[in-house]
Structure formats: structure tokens, C-alpha cells
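Visitor: one predicted model, sequence on top.
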Amino acid sequence: MKSQLIGLLMSFWISFSLGLYFHSGEREEKCIIEDVPSDTLVIGNYKVQRWDIHQHDFPESAPGLGMFVTVTTPSAEVLLSKLYGPQGTFSFTSEQSGDHIICFQSNSTRFVSFGGSKLRIHLDIRVGEHFIDESVVQAKDKVTEVTLRLGHLIEQIHHVSKEQNYEREREEKFRKTSEETNSNILWWAIVQTLILISIGIWQIKSLRDFFIAKKLV
């Protein structure tokens, strides 16, 4: 019964992931921006394929090709900078909330720019997710398995709560910015009105002085 309950709850897990692929030239740097709350684990899996001009396709493997992965924080500090192989996994824990820049660049020594230098990078990024080692789970008894999966589920719930708090902080910041902007617009409108009234009074006074000087009144 407990196993069924855990399985049912696991089916409703929220997966914060980004799966995509993009093309890049060799030695060309490509970056993506990921908005991450503070103190959050980010795990990325990638695979690089190199265009084969003879097969006119991207082979599954790209032996000898490496990939530099660089992660920069919102304050422009380098959080991760490491060389990986053609396929690998990287991870980091955010130290502050905001946009983290994740960049990829191959270590290829080719300097040609024809079709053979094109790369396809498959990328899967998971935010705030800790994976369960299935081999460990299978080696445990049912009670331990339920405990592990329940602990994983509680961890996911904590991440969802953290994500909601972060969204509330962003919403509050946006609301304050909007209120300040509206206040500035209001004061600018008042200043414009005062300037127009002052110009009108000055023009009336100038015309009155002109008519008096010409003895028209």
C-alpha cells in the first residue's frame, strides 16, 4: 500500500527541466541563461555530435572532442569552468538568485569554417532535482525503498516551496518597481502641468505689458 502511495505521489512530481539541442561552430561559444533561486542544485547533461560531410549526418559519437563548460553568476563571478568530454554531466549549486549564464565551447583545433565544423549539442538541464540511484534502491528492502523515495519526494517538495518563495520575491520586486515608475510618472505629469501653467501666466503677463506699452488698453 505504501509503495503504491509513493508511486502515485511520484507521478505528480514537478520536473524543472530544460531539454533542447542547438547547433554551433567548432570553437564557437554558445550560452544560455537559466534563472535559478539561491542555494539550488543544477544538473546538466549534454552530448556533442559533429557533422560528417561524408555521411551528411551527425554521428552518435564525436571521439576526441571536448567541451568547456563555464557557469557565470548574476554578479559576473565564474562558478564553474571545466573541460569535459564529448558527453558528460556537470553540476553546480547557485550561491545567489538570478540569471546564471551557462556557456559551451568545444576544444577543437580545427580552424576551417566549412560544413564539417558544425556541431550539434544536446542539452538537458534540471534545476533543483536530486536523482535516486536505482541500483541502490533495488538492493534495499521494501521499507528502505519507500523511505528513500519518500525522502526524495520531500526534497522535491522543499524545492517547489523554494521556487514559490523566489517567484514571490520577484513579484514583490516587480511590484515595487512598477509603483516607483508610476510615482515618477505622476510627479513628472505634475511638473509638466506646473511648467505649462507658468508659461501660460508668463505669456499673459507679456501680452498685457505689450498692450500697455503700445497704449492699446
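Guide: Sure thing, it's come through. Given the structure is predicted, the values throughout are model-derived calculations rather than measurements. Numbering: from 1, shown residues only.
Visitor: quick one, what contacts the residue nearest the centre of the chain?
Guide: Against the mean C-alpha coordinate of the chain, by CA atoms, centre = their mean, the closest residue is E34 at 1.5 Å. Contacts of E34 were listed using CB atoms under 8 Å, 6 or more residues apart in numbering, and they are L18, V42, D99, H100, I102, I125, V127. C-beta here means a position set from N, CA and C on the backbone, and glycine is covered the same way.
Visitor: nearest to Q192, of those residues?
Guide: Nearest to Q192 out of the contacts of E34 is D99 (CB to CB; 36.1 Å).
Visitor: measure that closest one to L196 for me?
Guide: Shown here: D99 relative to L196, a distance of 42 Å by CB to CB, to the nearest Å.
Visitor: quick one on the thing from earlier: nearest to K82 among the contacts of E34?
Guide: Relative to K82, the closest of those is I102; by CB to CB it sits at 12.1 Å.
Visitor: so D99 sits in a helix?
Guide: No: counting by DSSP: H, G, I helix; E, B strand; the rest coil, D99 is not found in a helix; it is strand.
Visitor: which strand residues bridge the nearest residue to it once chain neighbours are set aside?
Guide: Taking CB to CB, 6 or more residues apart in numbering, and ignoring the residues beside it in sequence, D99 has I33 as its nearest neighbour in space, at 4.9 Å. Here I33 shows beta-bridge partners I101, assigned using DSSP bridges.
Visitor: and the helices in the protein?
Guide: Defined through DSSP state H, the helices belonging to the chain, from first to last, are 2-10, 134-139, 142-213.
Visitor: pLDDT below threshold where in the chain?
Guide: Applying pLDDT under 70 to the chain flags the ranges 1-19, 109-117, 129-143, 145, 152, 215-217.
Visitor: what's near enough to touch the residue nearest to D99?
Guide: Under the criterion of CB under 8 Å, 6+ apart, the contact list for I33 reads D99, H100, I101, I102.
Visitor: PyMOL command for the buried members of those residues?
Guide: Only the buried members of the contacts of I33 enter the following PyMOL selection, criterion being 16 or more other CB atoms under 10 Å:
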select buried, resi 100+101+102
